[in-house]
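**Q** A predicted structure for the sequence below; I have some questions about it.
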Amino acid sequence: MKALLFSGGLDSSAIAWWLKPDLCVTIDYGQHSAGGEMAASTALCEIIGLKHRAIKVDLSALGSGSMAGKAVAAGASAAEFWPYRNQMLVTIAAMKLMPEGVNEIMLGAVSTDRHADGKSPFLRSLDRTMSVQEGGMRVTAPARKMSTVTLLKNSAFPYSLIGLTFSCHVHEFACGQCSGCTKHRECVEHAYGRPGGRA
Ligand SMILES: [Zn+2]
């Protein structure tokens with residue numbers, strides 16, 4: 001069984017539409033945007049017809065950067081940097097889902113990701129780390145060679161669902177100003193040639 005880490009953002013929404021995973025999993029780990037991610041992912045799964053699972057585990061005390069409402073960590077490449085975020089998310093999902101028969105976790109990483117934990121060397125390492133353990137869990141990122149704009153086009157994600165997606169880093173409602181909201185607006189305008197609207 002394949003599970004997709006699903007935030008309700010453009011990248012994971014396009015992958016959900018494109019590959020129709022057996023399960024989409026959204027994790028509320030205490031990030032400020034959790035309420036918006038959960039609402040978006042729940043609505044999108046219902047409309048697309050995909051199984052959805054929510055996991056809640058409050059790690060806000062361990063986070064840093066704008067997603068945690070705290071100072072940015074030394075060495076961060078962007079304000080939203082949350083140290084070790086992707087390995088944390090994959091591990092939490094795998095802890096819950098491996099016993100239920102999931103043997104592949106998909107990430108929504110794309111070629112334009114700035115953080116090291118969205119790039120190929122990390123993704124290969126994490127795949128190996130997970131797969132040598134019990135359950136043989138694989139970690140894949142099917143869109144890692146595509147930009148968000150290319151992914152939206154290749155997946156044929158419908159413009160009519162864009163309004164349900166959510167990319168804000170700092171609030172449960174789209175702030176319209178953070179890098180997540182800005183990227184959302186720009187990518188939608190480039191992919192569809194139509195307004196990016198809310199984020
Ligand atoms: Zn925002």
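**A** Sure, I can see it.

**Q** how about the residues of the chain near the ion?
**A** Along the chain, the residues adjacent to the ion under the rule CB under 5 Å from the ion are Cys168, Cys175, Cys178, Cys181. From N, CA and C alone the C-beta is placed, and that goes for glycine too.

**Q** Per-residue confidence at the residue of the chain most remote from its centre, what does it come out as?
**A** The outermost residue of the chain, judged against the average C-alpha position, is Glu134 (25.0 Å), by CA atoms, centre = their mean. For Glu134, the pLDDT comes out at 96.

**Q** Where does it sit, in terms of helix or strand?
**A** Using DSSP states H and E, Glu134 is not contained in any helix or strand.

**Q** who are the neighbours in contact with it?
**A** Met98 (CB atoms under 8 Å, 6 or more residues apart in numbering).

**Q** Show me where the protein has its helices.
**A** 10-19, 34-48, 85-97, 120-131, 148-155, 179-192 (DSSP state H).

**Q** just these: most buried one?
**A** helix 10-19 (a mean of 24; mean count of other CB atoms under 10 Å).

**Q** now for that helix, which elements pack on it?
**A** With contacts taken as 3 or more CB pairs under 8 Å, 6 or more residues apart in numbering; DSSP states H and E, helix 10-19 sits against strand 2-5, helix 34-48, helix 148-155, helix 179-192.

**Q** at 7 Å what do you get?
**A** For helix 10-19, the packing partners by 3 or more CB pairs under 7 Å, 6 or more residues apart in numbering; DSSP states H and E come out as strand 2-5, helix 34-48, helix 148-155.

**Q** got those as JSON lines, with mean pLDDT columns?
**A** JSON lines is the format used below for the helices and strands packed on helix 10-19 (pLDDT from 0 to 100):
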{"stretch": "strand 2-5", "mean pLDDT": "98"}
{"stretch": "helix 34-48", "mean pLDDT": "98"}
{"stretch": "helix 148-155", "mean pLDDT": "98"}
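
**Q** Of all those, which one is nearest Gly196?
**A** helix 148-155 (11.3 Å; CB to CB).

**Q** Show me how far the closest one is from its chain's centre.
**A** 15 Å (CA atoms, centre = their mean, to the nearest Å).

**Q** likewise stretch 8-23?
**A** On CA atoms, centre = their mean, the centre of stretch 8-23 falls 9 Å from that of its chain.

**Q** Compute the mean per-residue pLDDT across it, please.
**A** Mean per-residue pLDDT for stretch 8-23: 98.

**Q** now stretch 112-131
**A** Per-residue scores along stretch 112-131 average to 95.
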